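[1] Compute the structure for the input listed below.
(chains A and B)
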Amino acid sequence: MPYAVSFQQVSRHFGSVRAVDAVDLEIEPGEFFAMLGPSGSGKTTCLRLIAGFEQPTSGHIEIFGETAEGVPPYRRNVNTVFQDYALFPHLNVADNVAYGLMIRGVGKAERTREAEAALEMVKLPGYGSRKPGQLSGGQRQRVALARALVNKPKVLLLDEPLGALDLKLREQMQEELKVLQKALGITFVFVTHDQGEALSMADRIAVFNEGRIMQTGTPEEIYRRPKTRFVADFVGSSNVLSPQLTERLAGVAEWSSLRPEDIRLGAEGGHEATVTGTSFLGSATRLTLDVTGEKISVLLPSGGRVPEQGKSVRFSWNSDALHLMGAKA
Amino acid sequence: MRSDKQNRTPLGLKIAAGIGLAFLHLPILLIFLYAFTTEEKSYQFPPPGLTLKWFAVTWNRPDVWEALGLSVRVASISTVIALTLGTLCAAAISQTKFFGREAISLLVILPIALPGIITGISLRSAFNLAEIPFSFWTIVLGHATFCVVVVYNNAVARFRRMSGSLIEASMDLGADGFQTFRHVILPNIGTALLAGGMLAFALSFDEVIVTTFTAGQQATLPIWMLEELVRPRQRPVTNVVAMVVVLVTFLPILAAYYLTRDGDQISGQGK
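    Numbers count the residues shown, from 1 in each chain, chains lettered A, B, ... in the order given. As a prediction, this is how the structure comes out:
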């Protein structure tokens, strides 16, 4: 079985800007794959390369074993949910959803039936006669999803589709998208800058920075065993310890990461630090410690005693919590 | 701000505004009035009597029909040319980025900023140089220069409001360029094109200056009126024709105004 999407040394340069720089990527069929990275890291360009809106400067792209270079977007069995939804303002919801079917020459009756089924799938039954302008942001997002899915694409591309929604709606949509993806078995490729979203939804994540993939792996791997300082810092803001500090604390002169929630405070044992700041987050309290000039943040569960600012404390961690990343990470 | 308390306009200002409006529009009413006068050699005021006979006279004058026919044909073809070129140009300028884009945009708009007499003289010498005989088509070409601008301005404003991802969405859903144009672009810029086309038609229909330089022996309706004014024969016929010209040009402009009212202002109606 070929990969759903595979990139071999794919680059896309805009003038002197290397938006995508020699990327290798393999996405399995049926996978929920997230491309995570800050803005300008090349993740959206990668998505556009799969959709066909961009052509690679060099390298080779395959979609289900078929060469994708030079194939225009309208001949790819791939559909996109756009960041701004891009619903056609002059068409009502049903015609928006049925657009792809209409282009393919599907008859009116069947079109209407399939569009209604797709709307039902995204929990908007009976909304067909409304205009996009009359819908809320969350509803537009569902219409965009239905419009893409009605074509039964082999790969569904989602470009930060939840970015414009409020927190509550976003969490609900994350859940629904996951359920929908499992039910349909379609490969989802999801672009996001929100690490929480990527961790909670994806089967696998590729972390992008400056046009390159820093690390690919399951959410667990990315979270627990970051390969580079960038990944450790970007995915869940882990503490990145310098080789000097790691040597002092663990005896190895390598970069390392230590998750804030893995650190415990105690009276005896461990290492000494000074509390330089505290902030209450609700379910936990974030403490900033100063360890010989380096800042380390610690998450303490709520309810416990919180040391005051300026106090000296001792901290320790389970031996496997400190993750070494090599000398040049 | 105290403007909410001062919405009563001083009487003096009201009178001044009234006089201003009267100055602008009374002459037009006078033109209409003289279409009904019984005196045919000079415009004396007040008219000695009123009659409808000039409408019948105008109806039976073949030279009027000839001029009207020519004007309608010129305006229609100029509008079609303007719609095609103006839309293509607007699409290129607003959908892509390339070196010199702003300069080209300016060059497209320039003909409407240039005095008509300059456009006229330059076209005339260009036609002479290229040894193109003056004909129906040279008039059309002359008119197309400024008609393109009107369509372009309306279309480019609408294109800019249209989200670029709509076109990508259409392609993504399987539509090629032509299908995308038909199903997405055209419905979204349709009213702008209609408005631009109507304005272009109106502009062409009452154009005198460029036409004087690019026409051969033919007379469009405005040219015919100009010639008719110096002859002291059946003068009110000119007034009847003037009423027709006002109707034919005013109605499209009014329609264009309503079509684009809730969007952008109609660009280029000042020519």
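
[2] The nearest residue to B:Ile81 once chain neighbours are set aside: what's it in contact with?
    With sequence-adjacent residues excluded and distances taken as C-beta to C-beta, 6 or more residues apart in numbering or on different chains, B:Ile81 is closest to B:Ala144, at 4.5 Å. The C-beta positions use only the backbone N, C-alpha and C, and glycine is treated the same way. B:Ala144 makes contact with B:78, B:81-82, B:85, according to C-beta atoms under 8 Å, 6 or more residues apart in numbering or on different chains.

[3] Buried among the residues you listed? Make that a ChimeraX selection.
    Here is the ChimeraX command that selects only those of these that count as buried (16 or more other C-beta atoms under 10 Å in any protein chain shown):
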select /B:78,81,82,85
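
[4] which one of the contacts of B:Ala144 is nearest A:Pro153?
    B:Leu85 (38.1 Å; C-beta to C-beta).

[5] Starting from B:Ala144, give me the distance back to that closest one.
    8 Å (C-beta to C-beta, to the nearest Å).

[6] for A:Gly282, same thing?
    68 Å.

[7] Check A:Phe208 too.
    A:Phe208 is 51 Å from B:Ala144, by C-beta to C-beta.

[8] Kindly report the same for B:Ser42.
    Distance of B:Ser42 to B:Ala144, given as C-beta to C-beta: 39 Å.

[9] C-alpha coordinates for whichever strand or helix holds A:Val179, CSV please?
    In this structure, A:Val179 sits in helix A:167-184 according to DSSP states H and E. C-alpha atoms of helix A:167-184 as CSV (Å, rounded to 0.1, in the frame of the first residue of the first chain):
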residue,chain,number,x,y,z
LEU,A,167,-12.3,28.1,23.0
LYS,A,168,-15.4,26.1,23.8
LEU,A,169,-16.4,25.6,20.2
ARG,A,170,-12.9,24.7,19.3
GLU,A,171,-12.7,21.9,21.8
GLN,A,172,-16.0,20.6,20.7
MET,A,173,-14.9,20.7,17.0
GLN,A,174,-11.7,18.9,17.9
GLU,A,175,-13.6,16.1,19.3
GLU,A,176,-16.1,15.9,16.4
LEU,A,177,-13.3,16.1,13.8
LYS,A,178,-11.6,13.1,15.5
VAL,A,179,-14.8,11.1,15.6
LEU,A,180,-15.5,12.0,11.9
GLN,A,181,-12.1,11.0,10.8
LYS,A,182,-12.2,7.6,12.5
ALA,A,183,-15.7,7.0,11.1
LEU,A,184,-14.8,7.9,7.5
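
[10] Quick one: list the elements packing against whichever helix or strand comes after that helix.
    As assigned by DSSP H and E, the chain's next helix or strand after helix A:167-184 is strand A:187-192. The helices and strands touching strand A:187-192, judged by 3 or more C-beta pairs under 8 Å, 6 or more residues apart in numbering or on different chains; DSSP states H and E, are strand A:32-36, helix A:43-51, strand A:155-159, helix A:167-184, helix A:195-201.

[11] Strand A:187-192 - what's its average pLDDT?
    Here strand A:187-192 scores 94 as its mean pLDDT.

[12] Compute the inter-axis angle for that strand and strand A:32-36.
    Using axes from the mean of the first three to the mean of the last three C-alpha atoms, to 10 degrees, the direction of strand A:187-192 lies 20 degrees away from that of strand A:32-36.

[13] Flag every buried residue along strand A:187-192.
    A:187-192.

[14] closest to A:Leu165 among those residues?
    Nearest to A:Leu165 among the buried residues of strand A:187-192 is A:Thr192, at 12.3 Å by C-beta to C-beta.

[15] Show me the beta-bridge partners of the closest one.
    A:Leu36 (DSSP bridges).

[16] hmm, back to that, I'd like the helices and strands packed on strand A:187-192 written out as a markdown table, with mean neighbour count and mean pLDDT added.
    Converted to a markdown table, the helices and strands packed on strand A:187-192 look like this (neighbours: other C-beta atoms under 10 Å in any protein chain shown; pLDDT from 0 to 100):
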| stretch | mean neighbour count | mean pLDDT |
| --- | --- | --- |
| strand A:32-36 | 26 | 95 |
| helix A:43-51 | 24 | 94 |
| strand A:155-159 | 24 | 95 |
| helix A:167-184 | 15 | 90 |
| helix A:195-201 | 19 | 90 |
